[in-house]
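Next come a sequence and a model predicted from it.
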Amino acid sequence: MDKQLQLLKEMTDVNAPAGFEQPMTQFMKGLFENDGIKTIQDNTGSIFGVKEAASNHSIMLLGHLDEIGFMVTEITEKGFIKFTNLGSWSGTVMTSQKVTILTRKGEVRGIIGSKPPHVLPADERNKVNPDAMFIDIGTANREETLNAGVSVGDAITPYSEFEVMANPNYLLAKAFDNRFGCSAAYEVMKDIKHNITLYSGAVTQEETLSRGAITAANLLKPSLAIAIDVCICSNTPGMEQSGQAKMGEGPVILLSDAWNIGHVSFRRYVEQIAQENEIKVQHDYLTGGYTDAGHVAVSNNGVPAITISVPTRYIHSNVSMMHREDYNGAVMLLKKVVESLDDAAVERIIKQEI
Ligand SMILES: [Zn+2]
């Protein structure tokens, strides 16, 4: 495994769901410090590498540290675990999946239990009821589950292994949403030649209404912002929709999502940089769902904000699949955009002269 794959594996392996991001904050801090890059953190755990310039303006690149997961709400007499969601899940992808419970004593493996078809009435076979779901860690009763270290309030993450697929550009992992964004935010900083101050990092609690983006934007007060997050992938069976992004066809500029209309001047500027550097980009839009761009856009007195994305299959489940060339394209585009900006260009974007 080369260095980049190793980084993606290590990042996606970190267990840190929304509200429990501390292990990812520490991981990012370690990466920046190893490279001698100064960091800044807000009180929620959002963390950024800082590269200062003698400029009036700054840009914030933000991935998000958190992943979707669950939280323990109850341990039954028989030792099973009831849970609530951290972030949005569909019941259809939850049953029979392996999970990791993050207890004070360490990690405990569990599975979300399911009934075999043998005992399911015909009308229940194709239905899911998340409220009836439970996690089984392989214990006989409540006492054994407590002895294993599980407590009410413990976080739970999906469990799956990082794998390189048949075509080695296709990568499988849990939590590409949004460790890809964390990794891209880190990789962009390497050897970058910038004329304006750069904050590049990742925020907490995107999956639970984008809270860390608010506190981080208040702290950094950026002039421009780019959220780095996954988008929906339309080239799998049943997902084909014209005008939407396809895996393997390059990074994506989001036109809009439920909370943000990509700032028109900034978007056009980014499109121009992509063209000048022969980086093939796609467009996409989300009618449901959002990224951190929406909250940064309305922070302070308004921040031109867009989202740069990669189409990712099977997000918000135990596994997600991303194309390595889309990832590299996104890193390249972010780098070229940051390197091209100076105070005059930022002002033209803010005044919408582009
Ligand atoms: Zn997500």
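That came through fine. Numbering: from 1, shown residues only.

Hmm, Ala148 and Val72 touching each other?
No. Judged on Cβ atoms under 8 Å, Val72 makes no contact with Ala148 at a distance of 11.7 Å. C-beta: built from backbone N, CA, C; applies to glycine.

higher neighbour count, these two?
Val72 (22 against 18; other Cβ atoms under 10 Å).

doesn't that one fall inside a strand?
Yes. Applying DSSP: H, G, I helix; E, B strand; the rest coil, one finds Val72 inside a strand.

what's the burial count for the closest residue to Asn235 other than its chain neighbours?
Nearest residue to Asn235, sequence neighbours excluded (Cβ to Cβ, 6 or more residues apart in numbering): Lys246, at 4.2 Å. Neighbourhood size, Lys246 [other Cβ under 10 Å]: 18.

For Lys246, identify the helix or strand it belongs to.
If you go by DSSP states H and E, Lys246 is not part of any helix or strand.

pLDDT value on it, please?
On pLDDT, Lys246 comes in at 94.

again, but for Val252
Here the pLDDT value assigned to Val252 is 97.

Surely it and Ile232 touch.
No. Using Cβ under 8 Å as the test, Val252 is too far from Ile232 to be in contact (9.6 Å).

tell me the pLDDT at Asn235?
With respect to pLDDT, Asn235 scores 88.

Same check on the one 4 residues further on?
In the predicted model, Met239 carries a pLDDT score of 88.

And for it, the neighbour number?
Neighbour tally, Met239, other Cβ under 10 Å: 13.

try Val128
Counted with other Cβ under 10 Å, Val128 comes out at 15.

so what's it closest to, chain neighbours aside?
Leaving aside its sequence neighbours, Val128 sits nearest to Gly91 (Cβ to Cβ, 6+ apart; 3.5 Å).

Gln205 touches Met24, doesn't it?
No. Gln205 is beyond contact range of Met24, at 11.5 Å (criterion: Cβ under 8 Å).

Give me the contact list for stretch 164-175.
1, 5, 8-9, 11-14, 67, 157-163, 179, 248, 318-325 (Cβ atoms under 8 Å, 6 or more residues apart in numbering).

what about the helix or strand hosting Ala225, average pLDDT?
Assigned by DSSP H and E, Ala225 belongs to strand 224-232. Strand 224-232 shows a mean pLDDT of 96.

Which strands or helices does the helix or strand just after that strand pack on?
Using DSSP H and E, the helix or strand that directly follows strand 224-232 along the chain is strand 252-256. Counting contacts by 3 or more Cβ pairs under 8 Å, 6 or more residues apart in numbering; DSSP states H and E, strand 252-256 packs against helix 264-276, strand 282-285, strand 305-312.
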